[in-house]
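Engineer: Provided below for reference: sequence and predicted model.
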Amino acid sequence: MKIFITGICGFVGSRLASFFADSLEGAEIFGIDNFLRSGSESNRPALQKKGVRIFHGDIRSHADLEVLPKADWVIDAAANPSVLAGVDGLTSSRQLVSHNLGGTLELLEFCKRHSAGLVLLSTSRVYSIPSLATLPVTNQKNAYHLSEDAPLPTGISALGVSEDFSTAPPVSLYGATKLASETMALEYGATFGFPTWINRCGVLAGAGQFGRPDQGIIAFWIHSWHHGRPLRYIGFDGTGAQVRDAFHPDDLGRAILLQMKIGTPKDRAVWNFGGGLQNRFSLAQLSEWCKNRFGPREVTPSPAPRAFDIPWMVMDASRAKASFGWKPEINLETIFAEIAAHAEANPGWLELSAR
């Protein structure tokens, strides 16, 4: 089997490449990266030691893609993953659309030429922000919970947000690029007859993630706590009660292996993946974990709301469990501890990530 991974030296791409190299005997794994993300170059040596071939190029460039080997499967892990992208002053809206949608279109042409299956890594951020922002929640011990006695919109239950939840705009410019990429991928797959899987991922986290407040929040928080960097609870009354769920890239790798074994999706192509209720946490709870691991410190409240923030998002992945037996196996404590050990061993990681 030949597997082509885009963004192969980013956090998710590199962890998936390493997982497949360890799990698939005889597989040929290669990928492309433009190395724009600070710190991505540091992942190249370890992958090369495992026999992973790395090409320096840009998926937006047809010329860079046409010289690559044929592949049986393409895993699209290349994107600007920040919900603030295009409006934060660090990237322009045109750059965001070019990277996230333009790059996907070139990959779809690659799949068309080589009849390669596609696994598109999408995001929970395709779900409607107004619908999520107005969910009925209560603050219990510095963590939001869904209200038990209030009606919930379609696509959400006690298990979390399902694939049926609204994707009506606004979803952020970032979310819009991913939603548009999903649509184009499904159309290309149906028109040209190659398998297409759309994986909407919750928060992915583990050692080696490049920590920034807008992407890699768990890594950013744990590294910052350990090294005495300033931290703020932004919005939501400055209490840190907002809740997300997290899962490990190795669990995502297991899901993709199951999908590639199936080949063409039998009933649906869009799937949620995340840590679910068992791996949910608030920032305040993450702070409590950090205090127990590293010692106490202060977090500054910053109550003013920020665009695109939501109080509660837990991914309901029960359809993947029912259809092909997937569920997250790596618990939240293991994820936190793995990142903490990395923070202790790499004191300059935040500086590397933020260049």
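Structural biologist: That came through, no problem.
Engineer: can you give me the buried ones in whatever helix or strand residue 109 lives in?
Structural biologist: Assigned by DSSP states H and E, residue 109 belongs to helix 103-114. By neighbour count on 16 or more other Cβ atoms under 10 Å, the buried set for helix 103-114 is 103, 104, 105, 106, 107, 108, 110, 111, 112, 114. Glycine gets a C-beta too; all of them are placed from N, C-alpha and C.
Engineer: contacts only, for the third one.
Structural biologist: Read it as residue 105. With contact taken as Cβ atoms under 8 Å, 6 or more residues apart in numbering, residue 105 is in contact with residue 184.
Engineer: so how far is residue 182 from it?
Structural biologist: According to Cβ to Cβ, to the nearest Å, residue 105 and residue 182 sit 12 Å apart.
Engineer: let's have the buried residues of helix 103-114 in a markdown table, adding pLDDT and distance to residue 211.
Structural biologist: Converted to a markdown table, the buried residues of helix 103-114 look like this (pLDDT from 0 to 100; distance: Cβ to Cβ, whole Å):
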| residue | pLDDT | distance to residue 211 |
| --- | --- | --- |
| 103 | 96 | 24 |
| 104 | 96 | 26 |
| 105 | 97 | 30 |
| 106 | 97 | 29 |
| 107 | 98 | 27 |
| 108 | 98 | 31 |
| 110 | 98 | 31 |
| 111 | 98 | 32 |
| 112 | 98 | 37 |
| 114 | 97 | 36 |
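Engineer: could these be laid out in a markdown table, adding distance to residue 15?
Structural biologist: Formatted as a markdown table, the buried residues of helix 103-114 follow (distance: Cβ to Cβ, whole Å):
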| residue | distance to residue 15 |
| --- | --- |
| 103 | 20 |
| 104 | 21 |
| 105 | 25 |
| 106 | 24 |
| 107 | 20 |
| 108 | 24 |
| 110 | 22 |
| 111 | 23 |
| 112 | 28 |
| 114 | 25 |
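Engineer: biggest separation within those, which pair?
Structural biologist: Greatest spacing in those, by Cβ to Cβ: 103 and 114 (16.9 Å).
Engineer: check which residues of the lengthiest helix in the chain are buried.
Structural biologist: Ranked by residue count under DSSP state H, the longest helix found in the chain is helix 172-192. Using 16+ other Cβ under 10 Å as the burial criterion, the residues of helix 172-192 that qualify are 172-182, 184-186, 188-189.
Engineer: so which of the buried residues of helix 103-114 is the closest to residue 275?
Structural biologist: Nearest member of those to residue 275, counting by Cβ to Cβ, is residue 104, at 25.6 Å.
Engineer: so what's that closest one closest to, chain neighbours aside?
Structural biologist: Leaving out its chain neighbours, the residue that sits closest to residue 104 by Cβ to Cβ, 6 or more residues apart in numbering is residue 181, at 4.1 Å.
Engineer: pLDDT wise, what is the one you found at?
Structural biologist: Looking at residue 181, its pLDDT is 98.
Engineer: elements contacting the helix or strand just after the helix holding residue 109?
Structural biologist: Next helix or strand after helix 103-114 toward the C-terminus (DSSP H and E): strand 117-123. Secondary-structure packing of strand 117-123 (3 or more Cβ pairs under 8 Å, 6 or more residues apart in numbering; DSSP states H and E): strand 73-76, helix 103-114, helix 172-192, strand 196-201, helix 249-262.
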